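Q: requesting a structural model of the entry that follows:
(2 chains)
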Amino acid sequence: GQQLNQSPQSMFIQEGEDVSMNCTSSSIFNTWLWYKQDPGEGPVLLIALYKAGELTSNGRLTAQFGITRKDSFLNISASIPSDVGIYFCAGDMEYGNKLVFGAGTILRVKS
Amino acid sequence: EAGVTQFPSHSVIEKGQTVTLRCDPISGHDNLYWYRRVMGKEIKFLLHFVKESKQDESGMPNNRFLAERTGGTYSTLKVQPAELEDSGVYFCASTRTLGVNTEAFFGQGTRLTVV
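A: Next comes the predicted model:
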């Protein structure tokens, strides 16, 4: 089945540093999504990407959809303690919201 | 507007017992999805309801899992009998429609531990 390879698995960074994480796949996706999960909560959508090559920002977050539709990255600038959580990439092949997720990147921020 | 709610938030059961998870989607959302995250791995799709009908149940692991959505409102996911490998966090999500720009809203999850 489809699989998204997400890296890194975890990161422990100093507050104020920039963060970068990415996902790759052997499959082509119509939509690429980045979610964040806080402890005890469900995933919350951060950024949605719909067009190949699209670069989208949401505050300190920037994400890009790869030209081949098989990869994406998420950057967080000037990290703050509330950025702590698990970040998931997800792809949607059929606009039916049957999402394929990566394994997640655990982000820890040291104040 | 209330979000997607799931009950219980945690459940610890013994192998061989039965557990029923419940999901209340956002009011008016026809599409309801169940996902599961096992042991720190990826979140995996289980099944998709459109109203009361099962649109896609290709992700259901085996016949010990039974999902229902009678009346097209809330949904239940029953595991009977539970096995150790069923432990994980079960998420429910809902969307109003399908298509581009449709955001899936997730519940907080039910953490199931089978001992």
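Q: identify the bridge partners of A:S72.
A: In this structure, A:S72 bridges to A:C23, A:F65 when assessed by DSSP bridges.
Q: pretty sure it sits against A:F65.
A: Yes - look at A:S72 against A:F65 with C-beta atoms under 8 Å: they come within range, at 5.5 Å. For the C-beta atoms, the positions are set from N, CA and C on the backbone; glycine is no exception.
Q: need the residues touching each of these two.
A: Common contact partners of A:S72 and A:F65 (C-beta atoms under 8 Å, 6 or more residues apart in numbering or on different chains): A:W32, A:L49.
Q: distance of B:H29 relative to B:R96?
A: In this view, B:H29 and B:R96 are 5 Å apart by C-beta to C-beta, to the nearest Å.
Q: higher neighbour count, the two?
A: For B:H29 versus B:R96, neighbours defined as other C-beta atoms under 10 Å in any protein chain shown are more numerous around B:H29 (18 against 14).
Q: so the more buried one, which of the three states?
A: Following DSSP: H, G, I helix; E, B strand; the rest coil, the label given to B:H29 is coil.
Q: could you double-check that A:L4 lies in contact with A:S25?
A: Yes - A:L4 is in contact with A:S25 according to C-beta under 8 Å; the separation is 5.0 Å.
Q: between those two, which contacts overlap?
A: In contact with both A:L4 and A:S25: A:G91, A:V100, using C-beta under 8 Å, 6+ apart.
Q: check the burial of B:C23 by counting its neighbours.
A: 25.
Q: tell me how far the residue nearest the centre of chain B lies from B:M60.
A: By C-alpha atoms, centre = their mean, the mean C-alpha position of chain B lies nearest to B:W34, the distance being 3.2 Å. To B:M60, B:W34 is 9 Å away according to C-beta to C-beta.
Q: just list whatever residues bridge to the closest residue to chain A within chain B.
A: Residue nearest to chain A within chain B (C-beta to the nearest C-beta): B:F106, separated by 3.4 Å. Per DSSP bridges, the residues bridged to B:F106 are B:A93.
Q: give me the neighbour count for it.
A: The number of residues packed around B:F106, counting by other C-beta under 10 Å, is 22.
Q: same deal with B:L46?
A: Neighbours of B:L46 (other C-beta under 10 Å): 21.
Q: surely it and B:W34 touch.
A: Yes - the criterion here is C-beta under 8 Å, and B:L46 meets it with B:W34 at 4.1 Å.
Q: what touches both of those two?
A: B:A67, B:L77, B:Y90.
Q: which of those sits closest to A:F101?
A: The nearest member of the shared contacts of B:L46 and B:W34 to A:F101, counting by C-beta to C-beta, is B:Y90 at 14.0 Å.
Q: sec struct for the closest one, please.
A: From three-state DSSP, the assignment for B:Y90 is strand.
Q: verify the stated contact: it with B:G107.
A: No - between B:Y90 and B:G107 there is no contact under C-beta under 8 Å: 9.1 Å.
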